[in-house]
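Engineer: just the structure for this:
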Amino acid sequence: MTLLWYLCIFFIYFSFVKLKITNINITNIISTRSSDRLEIDNSTRKLPHVTILGALINNEHIKILQNTSIDSNKDLNISSQSFILNSNPLLTMLDLCEIGNTSNAKVIIAGHMIDDNNDDDDLTLNAISYVSNFYHIPLITITSRENILSDKALHDFIIRLAPPYLYEADAWFSIIQKLKYTKVVLIYSQEEESRMVASRFQMLTDDSDIQIERIEEYTLNTNFTSLILNLTTEDRLLARVFIIHTRQIILISF
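Structural biologist: Numbers count the residues shown, from 1 in each chain. Reported below is the predicted structural model:
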């Protein structure tokens, strides 16, 4: 009788252990299959894709943009299509629209042809900005500093990586205040950008202790040496700070 009792207990225990091991194996199999399915889903998952349209000044910049797109975030596919800027605004708009229609670009990056003798550069960037506004595509400018591009009424989709010329007036004002100068001479050109900077500086000094003793507006053919010499030798002027707003080509000939 005792032997039968022990045999009964043995069979019951053996069945329980077998059932427990079977459940563990089934759980492991289910977990393994779920993990494999998750890996397959991740490998076949389609990543978001963004195309950048580059309006750049040379092939070197185009190559940099392409390499940056390749080395971008692994969770986002980024590609780029670019063309070299043309000094003719109409031709630039034509290239922009042709490539933009086929690439479905989500953002535009625009370079800036640095040529002090060519005023068409400003018109080219304005043309690109108008295209981006029309299609509601953000425009990133690399080196452009024109004040007009900060007007959100005209250029609502522009993102600037360089501050406009207008901010130079704020920098002048802060430096002069820090050094505690109270009298300055302001010299600027007849160009629109230069006049806007000068006007902002005058506005900033209206409610301060800084006094603008003399304002000189020069032309392209002005002899800077004679201009500065006449101002420094004038007995009535007490200012020892001269603020000159000019282009690089003028400074080289100064």
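Engineer: for this structure, what helix or strand is lowest in average pLDDT?
Structural biologist: helix 2-44 (a mean of 47; mean pLDDT, DSSP states H and E).
Engineer: where does the stretch 1-150 of the chain have low pLDDT?
Structural biologist: Scanning the stretch 1-150 of the chain for pLDDT under 70 picks out 1-45, 70-73, 114-121.
Engineer: same thing but 90
Structural biologist: Counting by pLDDT under 90, the stretch 1-150 of the chain contains low-confidence residues at 1-51, 57, 64-81, 86-90, 92-106, 111-127, 130-131, 133-136, 142-150.
Engineer: which parts of it are helices?
Structural biologist: Remark: helices assigned in the stretch 1-150 of the chain by DSSP state H, counting those that start in this stretch are 2-44, 59-70, 89-103, 120-135.
Engineer: could you do the stretch 151-254 of the chain as well?
Structural biologist: Taking DSSP H, counting those that start in this stretch to define them, one finds helices in the stretch 151-254 of the chain at 167-179, 192-205, 224-232, 248-252.
Engineer: and those helices: which comes nearest Cys97?
Structural biologist: helix 192-205 (28.4 Å; Cβ to Cβ). Where C-beta positions appear, they are placed from N, C-alpha and C, glycine not excepted.
Engineer: how far is the closest one from where the chain is centred?
Structural biologist: Offset of helix 192-205 from its chain centre (Cα atoms, centre = their mean, to the nearest Å): 25 Å.
Engineer: if you count contacts, what does it end up packed against?
Structural biologist: helix 167-179, strand 183-189, strand 211-218, strand 241-245 (3 or more Cβ pairs under 8 Å, 6 or more residues apart in numbering; DSSP states H and E).
Engineer: ranking the ones you listed by burial, who's on top?
Structural biologist: Of the helices and strands packed on helix 192-205, the one with the most neighbours on average (mean count of other Cβ atoms under 10 Å) is strand 183-189, at a mean of 21.
Engineer: contacts for that strand next, please.
Structural biologist: Outside strand 183-189, the residues that touch it by Cβ atoms under 8 Å, 6 or more residues apart in numbering are 176, 194-195, 197-198, 201-202, 210-220, 227, 231, 237-247, 250.
Engineer: got the angle between that strand and helix 224-232?
Structural biologist: Comparing the axes of strand 183-189 and helix 224-232 via axes from the mean of the first three to the mean of the last three Cα atoms, to 10 degrees yields an angle of 150 degrees.
Engineer: what lines up beside strand 183-189 in the sheet?
Structural biologist: When pairing is defined by DSSP bridges, strand 183-189 lines up against strand 211-218 (parallel), strand 241-245 (parallel).
Engineer: got a markdown table for these, with mean pLDDT and distance to Ile99 too?
Structural biologist: As requested, these are arranged in a markdown table below (pLDDT from 0 to 100; distance: least, Cβ to Cβ, whole Å):
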| stretch | mean pLDDT | distance to Ile99 |
| --- | --- | --- |
| strand 211-218 | 92 | 42 |
| strand 241-245 | 89 | 37 |
